[in-house]
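Asker: got a sequence here, can you build the structure:
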Amino acid sequence: MSISTAMSLGEIALSSPAAARLLEAYHLNEDCDDEHTLAQACRRANRDLAEVVTALARLRQDGQDHPCVSERTLTEQAGFIAGRHHAFTRAKLPLIETLLAKVIKAHGAAHAEVKAVGECFVELSAMLEAHLLKEEQFLLPYIKALDKQACGARLSPLAGFASIDDVICQNEAEHKRLGERLKKMRELTADYALPDDVSSTFRSVYRALEELETNLMHHIFLENALLFPRVCHRDVRAGDD
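Answerer: Numbers count the residues shown, from 1 in each chain. Model prediction:
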């Protein structure tokens with residue numbers, strides 16, 4: 001697939017798994033807005049547009065631009081996201097919390113940024129716990145019901161929500177706020193640059209935070225660009241039946 005600087009991040013990410021990973025590596029979508037063009041995203045992230053275009057073109061030359069082809073049902077796709085990303089997040093949050101407490105105690109006086117990171121992480125963790133629970137209580141059961149409806153089952157209304165669009169809009173707004181917290185932590189740490197005088201625990205917590213960021217941004221991409229459009233399309237079709 002030929003990449004244009006006028007293409008949206010969502011279009012590029014959907015073109016291949018390798019392209020999606022490359023956009024994540026350049027931190028081009030930290031505000032979780034797939035509608036930004038490549039040129040706009042590079043400008044906002046202060047990245048060299050020509051360098052990114054060259055890197056994307058290299059994927060094609062190396063044969064890594066094979067398309068994202070998913071034959072999963074909605075239920076399978078939602079289950080994959082919950083099984084891989086929800087589980088990863090729930091395992092990572094308490095680990096990072098423990099490591100951060102140790103790092104703040106040992107290095108907080110010399111490195112004030114870790115205190116600020118700790119405060120930001122507390123906000124992020126609370127938001128994530130509530131967000132995952134909402135997805136598991138409302139969104140994922142509804143998605144399973146959509147698949148069952150294709151087999152003749154009746155679709156129950158979403159308790160507390162006017163429509164699935166409301167649920168998805170709330171999820172996308174929360175994704176944006178989560179992305180803002182990730183961006184803030186990256187700014188506080190100067191892209192997780194390690195000071196020279198720090199312990200192995202300090203290094204471990206920065207590495208864990210980067211792993212959380214990578215996993216969460218991929219989680220958000222899978223939902224915003226792949227899952228949610230399919231759900232909305234299926235829901236419209238279901239309403240016409």
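
Asker: quick one: pLDDT of the residue nearest the centre of the chain?
Answerer: Central residue of the chain (C-alpha atoms, centre = their mean): Met217, 2.3 Å from the mean position. Predicted confidence (pLDDT) for Met217: 87.

Asker: gap between the strand or helix carrying it and the chain center?
Answerer: Element membership of Met217 [criterion: DSSP states H and E] is helix 200-221. For helix 200-221, the separation from the chain centroid amounts to 12 Å (computed by C-alpha atoms, centre = their mean, to the nearest Å).

Asker: for that helix, list every residue counted as buried.
Answerer: 201-202, 205-206, 208-210, 212-213, 216-221 (16 or more other C-beta atoms under 10 Å). C-beta coordinates here come from the backbone N, C-alpha and C atoms, glycine included.

Asker: ok, now stretch 126-140?
Answerer: Neighbour counts over stretch 126-140 (16+ other C-beta under 10 Å) mark 128, 131-132, 135, 138-140 as buried.

Asker: relative to helix 200-221, how tilted is the top helix by length along the chain?
Answerer: Ranked by residue count and defined by DSSP state H, the top helix of the chain is helix 164-188. In terms of direction (axes from the mean of the first three to the mean of the last three C-alpha atoms, to 10 degrees), helix 164-188 departs from helix 200-221 by 150 degrees.

Asker: report all helices and strands that helix 164-188 contacts.
Answerer: Applying 3 or more C-beta pairs under 8 Å, 6 or more residues apart in numbering; DSSP states H and E, one finds that helix 164-188 makes contact with helix 113-134, helix 200-221, helix 228-240.

Asker: now those helices as CSV including distance to Ala78?
Answerer: What follows is these, written out as CSV (distance: least, C-beta to C-beta, whole Å):
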stretch, distance to Ala78
helix 113-134, 13
helix 200-221, 12
helix 228-240, 9
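
Asker: what's the closest of those to Thr73?
Answerer: helix 228-240 (9.7 Å; C-beta to C-beta).

Asker: model confidence over stretch 94-110, on average?
Answerer: Mean pLDDT, stretch 94-110: 96.

Asker: any idea how this protein splits into domains?
Answerer: Using automatic domain parsing, the domain parsing of the chain gives 9-61, 74-240.

Asker: hey, least reliable of those domains by pLDDT?
Answerer: When those are ranked by mean pLDDT, domain 9-61 comes last with a mean of 83.

Asker: please state the offset of that one from the chain centre?
Answerer: 14 Å.
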